[in-house]
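# Have a look; sequence and predicted model below, questions after that.
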Amino acid sequence: MPRSPLHTVHVRLGARFVDFAGWEMPVRYDSVLSEHQAVREAVGVFDVSHLGRFLVEGSGSTDLLRGLLCNDIADVDPGAAQYTMSLNEEGGVLDDIIVWRWSDERYWVIPNGANDDGIRARFRAAAPSGVTIESIREDTALVALQGPDSPHVFTTVFGLVPEHFRVTTGDFRGTPVRIAGTGYTGERGGEIAIAREAGVAMFDALLDAGATACGLGARDTLRLEMGYPLWGQDLDETITPLEAGLRWVVGWDHDFVGKAALERQARQGLAKHQVAFVMDGRQIARHGYPMRAGTSSGTVTSGNYSPVLGRGIGLGYLSPPAKPGAAIEVQVRGKWVSAHRSKLPFIGRR
């Protein structure tokens, strides 16, 4: 099983490990709750080296991305990042992806860890002769620095603070770093890539500057409070961006794989839709639990305890789409319990 370039740091810090996307990654160091609170109230640092990342460069790169991804990379200038998706011909989500645009024809494409090989192969199969596709995951470490105090840590360690969804370059003790003002928690911060041999020293420097080491358990509760989807649960090949409530991710003014299916779905209506809910009692909904609302039924795709709200929250799909006023129920340990629909994000914009 692959390990992060930062594995020795996690062992030293007493991390508990899990198999995540086929990688041995830290799920927590202290507790999920304390690490969640560190990010919401101060600053935390996550090892996200399991995420995919590959270079797309050369004449024709922009056209390649436009044809394979549903958001339109031509809408952002060099020096920006964009959230997007790779779809199949039926409009289902093969992966949700972040793209870092460095110049007119140079990009980093960052898929989910489990999908890195498949998405990179899809790009290679469609790439014209002038485009280079090259994996960079094996040669780099990737961390996410997140929280309201992250600007202080960024300034201390790198002498800069990334702007929201902008990409930039910097330096750590003579080693180049690439930084994007992105993340998966809803807090201020960014993601930092560095040569793997310098990763441990950089992670230690971030800790010394005040960041709390956080595992993927807290990353999951943080993203769920913001209503951010997790591929493989809230998104997959059978779910379209429209069903997921992510119409804003679709750039309708360009051609891409899956566009015809989305246009057809927009005309004909949805067979299912995503709903966000908050439990009325103390029960916690979990992935796979049945749910219903009026004559609609479905399944919880993500559910957990919200440390900020002090209640269980979740996402799920109902088919046919439930009427706006229909009461939601979730089956917890064989008993139907009540919940109420929520707007996203659950805790408000950060």
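Alright, I've got the coordinates.
# Point me to the helix or strand that includes the residue nearest the centre of the chain.
Centrality entry for the chain: nearest residue to the mean C-alpha point is Tyr184, 5.2 Å, by CA atoms, centre = their mean. Using DSSP states H and E, Tyr184 falls within no helix or strand.
# Next, count neighbours for the closest residue to it other than its chain neighbours.
Distances taken as CB to CB, 6 or more residues apart in numbering put Arg223 closest to Tyr184, at 4.9 Å, once the chain neighbours are dropped. No exception for glycine: its C-beta is placed from N, CA and C like everyone else's. Residues near Arg223, counting by other CB atoms under 10 Å, number 20.
# Repeat that for the one 4 residues further on.
One way to gauge burial is a neighbour count; for Gly227, by other CB under 10 Å, it gives 20.
# thinking it is in contact with Gly314, fair?
No - here Gly227 lies out of contact with Gly314, judged by CB atoms under 8 Å, at a distance of 10.3 Å.
# what is in contact with these two at once?
With contacts taken as CB atoms under 8 Å, 6 or more residues apart in numbering, the residues that reach both Gly227 and Gly314 are Ala276.
# follow-up on the earlier one: for whichever strand or helix holds the residue nearest to Tyr184, packing partners?
Using DSSP H and E, Arg223 falls within helix 216-225. Where contact means 3 or more CB pairs under 8 Å, 6 or more residues apart in numbering; DSSP states H and E, helix 216-225 is packed against strand 23-28, helix 32-41, strand 44-47, strand 296-306, strand 311-319.
# now with 10 Å?
strand 16-20, strand 23-28, helix 32-41, strand 44-47, strand 140-146, strand 296-306, strand 311-319 (3 or more CB pairs under 10 Å, 6 or more residues apart in numbering; DSSP states H and E).
# looking at these, which is buried most?
Among these, strand 44-47 has the highest mean neighbour count (mean count of other CB atoms under 10 Å), at a mean of 28.
# So the residue nearest to Tyr184 sits against Ile313, correct?
No - assessed by CB atoms under 10 Å, Arg223 is found out of contact with Ile313, at 11.4 Å.
# what is in contact with the two at once?
Residues touching both Arg223 and Ile313 by CB atoms under 10 Å, 6 or more residues apart in numbering: Ser302, Asn304.
# do you know which of the helices and strands packed on helix 216-225 lies nearest Asp208?
strand 44-47 (11.0 Å; CB to CB).
# chain center to that closest one, what's the gap?
14 Å (CA atoms, centre = their mean, to the nearest Å).
# One more: stretch 162-178?
Centre-to-centre, stretch 162-178 and its host chain are 20 Å apart (CA atoms, centre = their mean).
# next one: stretch 39-57
For stretch 39-57 - counting by CA atoms, centre = their mean - the centre lies 9 Å from the chain centre.
# Now do it, average pLDDT.
Stretch 39-57 carries an average pLDDT of 98.
# Could the C-alpha coordinates of that stretch be exported in PDB?
Provided in PDB are the C-alpha atoms of stretch 39-57 (Å, rounded to 0.1, in the frame of the first residue of the first chain):
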ATOM      1  CA  VAL A  39      -9.300  24.400  11.700                       C
ATOM      2  CA  ARG A  40     -12.600  26.300  12.400                       C
ATOM      3  CA  GLU A  41     -11.000  28.400  15.200                       C
ATOM      4  CA  ALA A  42      -7.200  28.600  14.400                       C
ATOM      5  CA  VAL A  43      -5.300  26.700  11.700                       C
ATOM      6  CA  GLY A  44      -4.600  23.100  10.800                       C
ATOM      7  CA  VAL A  45      -2.500  21.300   8.300                       C
ATOM      8  CA  PHE A  46      -3.500  18.100   6.400                       C
ATOM      9  CA  ASP A  47      -1.300  15.700   4.400                       C
ATOM     10  CA  VAL A  48      -3.200  15.300   1.100                       C
ATOM     11  CA  SER A  49      -0.400  13.700  -0.800                       C
ATOM     12  CA  HIS A  50      -2.700  10.800  -1.900                       C
ATOM     13  CA  LEU A  51      -4.500  13.200  -4.200                       C
ATOM     14  CA  GLY A  52      -3.700  12.800  -7.900                       C
ATOM     15  CA  ARG A  53      -1.800  15.400  -9.800                       C
ATOM     16  CA  PHE A  54      -0.400  15.500 -13.300                       C
ATOM     17  CA  LEU A  55       0.900  18.100 -15.700                       C
ATOM     18  CA  VAL A  56      -0.800  18.900 -19.000                       C
ATOM     19  CA  GLU A  57       1.400  21.100 -21.200                       C
END
